[in-house]
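Student: sequence and computational prediction follow.
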Amino acid sequence: QAERSMSTRFIGSGGKAFGSELADQRKRTDRAQADLGSTLAEFTLGSRIPPLAGALDSLPKDSSGLTEQRSKVDAQAMPLEESMKFYSEQVNRLLSVVKIMPRVTDNSTVLRRMMVYISVLDAKEFAGLERAVGAAGIASKDFSLREVEKFISLIAKQDFTFQVFDVIATEELRETRHAM
């Protein structure tokens, strides 16, 4: 999510701003990707749960697609929306692993906790997209009507996701969220 946002800002500025921040974020992304790869290499439970195995199989096995994406971003050789789409697909692959989990339990307490967690993850993703769209508009100094509509739509999706959270979360979790 963070690399998507930085890439969006970089492209939106025409490559004139956020270059060093993007380079720093890429290092953090590379470390996180390496950590995930190590964890998944040791993770055996997924192979015993077919829905989870499918979600895990959808994750990228190497960074070749990311390397190509980064080259295009650096060269300003791709439209902003195409860049956002690439990164969003990567984020959604990761989120799909968590979203598959409710299918593997019949325990209502565990299911409820998973759904609360998923609603938070979704809200965070919508907030990340909102920041990326907003930052791109600001960096380019040009917010088209379509971008404004997308921005407002993302805010609405985030609000809806938090409404779902409020319906299924415990009172303690609702109070914690509203205190933030």
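Tutor: That came in fine, so what should we check first?
Student: every contact and neighbour count from this point should use C-alpha atoms.
Tutor: Will do.
Student: buried set for the least confident helix or strand in the chain by mean pLDDT?
Tutor: Lowest by mean pLDDT, DSSP states H and E among the helices and strands of the chain is helix 50-57, with a mean of 77. Buried residues in helix 50-57, counted by 16 or more other CA atoms under 10 Å: 52, 53, 55, 56.
Student: just after the biggest helix by length in the chain, pick out the following helix or strand.
Tutor: Counting by DSSP state H, the longest helix found in the chain is helix 108-140. Sequence-wise, the next helix or strand downstream of helix 108-140 (DSSP states H and E) is helix 145-168.
Student: with only the CA atoms kept, save the helix or strand following that following helix in PDB.
Tutor: As assigned by DSSP H and E, the chain's next helix or strand after helix 145-168 is helix 171-179. The C-alpha trace of helix 171-179 is given here as PDB (Å, rounded to 0.1, in the frame of the first residue of the first chain):
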ATOM      1  CA  GLU A 171     -18.500  -3.200  22.300                       C
ATOM      2  CA  GLU A 172     -14.900  -3.000  23.500                       C
ATOM      3  CA  LEU A 173     -13.600  -2.900  19.900                       C
ATOM      4  CA  ARG A 174     -16.200  -0.300  18.800                       C
ATOM      5  CA  GLU A 175     -15.200   1.900  21.700                       C
ATOM      6  CA  THR A 176     -11.500   1.500  20.800                       C
ATOM      7  CA  ARG A 177     -12.200   2.400  17.200                       C
ATOM      8  CA  HIS A 178     -14.200   5.500  18.100                       C
ATOM      9  CA  ALA A 179     -11.600   6.600  20.600                       C
END
